[in-house]
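Student: Got a sequence here, can you model it:
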Amino acid sequence: MTISASRVGEKLRIQIVDNGVGFRAAQDRSEKAQTRTQGSRTALKNCQERLNLHYGNSSDFKISDRDGGGCLIELLLPLGPLGVQC
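Tutor: Below is the predicted model:
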């Protein structure tokens, strides 16, 4: 797992990269192992909702599979008075 942070304009970009099976493969495996419950993906939904409550449309939260395996999580947070303080 690799975690990196950089400034992109007036935003802080945080990237989390792993080399596992990827988000879709893990999800498919989980669905085959058990019946899907209403509570699934709750943590991801909570992260998105909290970012929206705190930063409004100024933040972004993306999850994607990487070519060749693994996944990438990227957060973009505003810098400044209403954003991240450095």
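
Student: in this structure, which ranges drop under the pLDDT threshold?
Tutor: Across the chain, the ranges flagged by pLDDT under 70 are 21-41, 82-86.

Student: Backbone dihedrals for Gly70, both of them.
Tutor: When read as degrees, to the nearest 10, the backbone of Gly70 gives phi 90, psi 180.

Student: Distance check, it against Asn52.
Tutor: Taking C-beta to C-beta, to the nearest Å as the measure, Gly70 and Asn52 are separated by 26 Å. Using the backbone N, CA and C atoms, a C-beta is placed for each residue, glycine as well.

Student: ok, those two, which is more surrounded?
Tutor: Gly70 (17 against 13; other C-beta atoms under 10 Å).

Student: and the closest residue to that one other than its chain neighbours, what helix or strand is that in?
Tutor: Of all residues not flanking Gly70 in the chain, Asn19 sits nearest, at 4.3 Å (C-beta to C-beta, 6 or more residues apart in numbering). Element membership of Asn19 [criterion: DSSP states H and E] is none; it lies in no helix or strand.

Student: same thing with Glu49?
Tutor: Following DSSP H and E, one finds Glu49 within helix 42-55.

Student: now for that helix, which elements pack on it?
Tutor: In terms of contact count using 3 or more C-beta pairs under 8 Å, 6 or more residues apart in numbering; DSSP states H and E, helix 42-55 is assigned the packing partners strand 60-65, strand 71-78.

Student: And these: which comes nearest Thr2?
Tutor: Nearest to Thr2, of all those, is strand 71-78, at 9.8 Å by C-beta to C-beta.

Student: For the closest one, buried residues please.
Tutor: By 16 or more other C-beta atoms under 10 Å, the buried positions in strand 71-78 come out as Cys71, Leu72, Ile73, Leu75, Leu76, Leu77, Pro78.

Student: Thanks a lot, see you next time.
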